[in-house]
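Asks: could you work out the structure for the sequence below:
(chains A and B)
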Amino acid sequence: DTGVSQNPRHKITKRGQNVTFRCDPISEHNRLYWYRQTLGQGPEFLTYFQNEAQLEKSRLLSDRFSAERPKGSFSTLEIQRTEQGDSAMYLCASSTQGLPNEQFFGPGTRLTVL
Amino acid sequence: EDQVTQSPEALRLQEGESSSLNCSYTVSGLRGLFWYRQDPGKGPEFLFTLYSAGEEKEKERLKATLTKKESFLHITAPKPEDSATYLCAVTPRDYKLSFGAGTTVTVRA
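Replies: Numbering: from 1, shown residues only, chains lettered A, B, ... in the order given. As a prediction, this is how the structure comes out:
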């Protein structure tokens, strides 16, 4: 299967701990996106990369959040000093550049902060 | 700021009972409107992209249409496997998607 993959699928952590999620995009896609989704809501844009460059960050992405995409391949999203309000599904998507092309989503990482 | 409103929030259908979902949007210069399907605990699955008013796309029992202010997703003769949350998203650029809250469709056999 050559779809978008995310690891881990589930993460339970205690408040104040740091967590890191990984996303592997579809191999020929140069754009990678992170979204956050809470129960009953649609995904909310967090940030995106074109190759290794992070081109936009939402105001939702506080200083405790950092994302990287070294070498323009996989990406990591780190949350430092987690809070209960960070509990959500974190979704990664990828696409090619150009037209508003469809973004293909991974299965997500479900974060629960106790 | 981009706004997307989907209605109804939930829709319960009998198998074979056709219906439509609505997506109303406000965006400064629509570049694309997207429909996704999401099953519980999974990531959204891409269905359609519409780029301009008057455009229509079909896939199996689903048909999406677009006007200047809204989009409709028509479900014809639905089956239980069509049960899911259907999400609408818009973009005025070619990267950031703004999603609605979705319509949860339940199809009873």
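
Asks: quick one: residues contacting the residue lying closest to A:V4 once chain neighbours are set aside.
Replies: For A:V4, ignoring the flanking residues on the chain, the nearest one in space by CB to CB, 6 or more residues apart in numbering or on different chains is A:G106 at 3.6 Å. From N, CA and C alone the C-beta is placed, and that goes for glycine too. Counting by CB atoms under 8 Å, 6 or more residues apart in numbering or on different chains, A:G106 touches A:G3, A:V4, A:S5, A:Q6, A:C23, A:L91, A:C92, A:A93, B:G43.

Asks: just the buried residues of stretch A:94-104, please?
Replies: Using 16 or more other CB atoms under 10 Å in any protein chain shown as the test for burial, stretch A:94-104 gives A:S94, A:S95, A:P100, A:N101, A:E102, A:Q103, A:F104.

Asks: point to the residue nearest the middle of chain A.
Replies: Central residue of chain A (CA atoms, centre = their mean): A:W34, 3.3 Å from the mean position.

Asks: thinking that residue is in contact with A:C23, fair?
Replies: Yes. A:W34 is within contact range of A:C23, at 7.4 Å (criterion: CB atoms under 8 Å).

Asks: what touches both of these two?
Replies: Common contact partners of A:W34 and A:C23 (CB under 8 Å, 6+ apart): A:S75, A:L77, A:C92.

Asks: any idea which helix or strand comes after the helix or strand of chain A with the lowest mean pLDDT?
Replies: For chain A, counting by mean pLDDT, DSSP states H and E, strand A:53-57 ranks last in confidence among helices and strands (a mean of 93). With elements assigned by DSSP states H and E, the helix or strand that comes after strand A:53-57 is strand A:65-68.

Asks: send over that following strand as CSV, restricted to the C-alpha atoms.
Replies: What follows is strand A:65-68 as a C-alpha-only set of coordinates in CSV (Å, rounded to 0.1, in the frame of the first residue of the first chain):
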residue,chain,number,x,y,z
PHE,A,65,4.1,22.7,18.7
SER,A,66,6.9,22.2,16.2
ALA,A,67,7.0,20.4,12.9
GLU,A,68,9.8,19.3,10.7
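
Asks: neighbouring strands of it in the sheet, and parallel or not?
Replies: Sheet pairing here is set by DSSP bridges, and for strand A:65-68 it gives strand A:75-79 (antiparallel).

Asks: got the angle for the strand it pairs with vs strand A:53-57?
Replies: For strand A:75-79 against strand A:53-57, the angle by axes from the mean of the first three to the mean of the last three CA atoms, to 10 degrees is 40 degrees.

Asks: now do the buried residues in strand A:75-79.
Replies: A:S75, A:L77, A:I79.

Asks: ok, the first one to B:L97 distance?
Replies: Taking CB to CB, to the nearest Å as the measure, A:S75 falls 17 Å from B:L97.

Asks: direction included, what does the least confident helix or strand of chain A pair up with?
Replies: When pairs are called by DSSP bridges, strand A:53-57 turns out to pair with strand A:44-50 (antiparallel).

Asks: now the partner strand: average pLDDT?
Replies: Throughout strand A:44-50, pLDDT has a mean value of 95.

Asks: quick one: contacts of that strand?
Replies: When contacts are defined by CB under 8 Å, 6+ apart, strand A:44-50 is touched by residues A:30-37, A:54-58, A:60-61, A:65, A:67, A:69, A:72, A:75, A:77, A:97, B:95-99.
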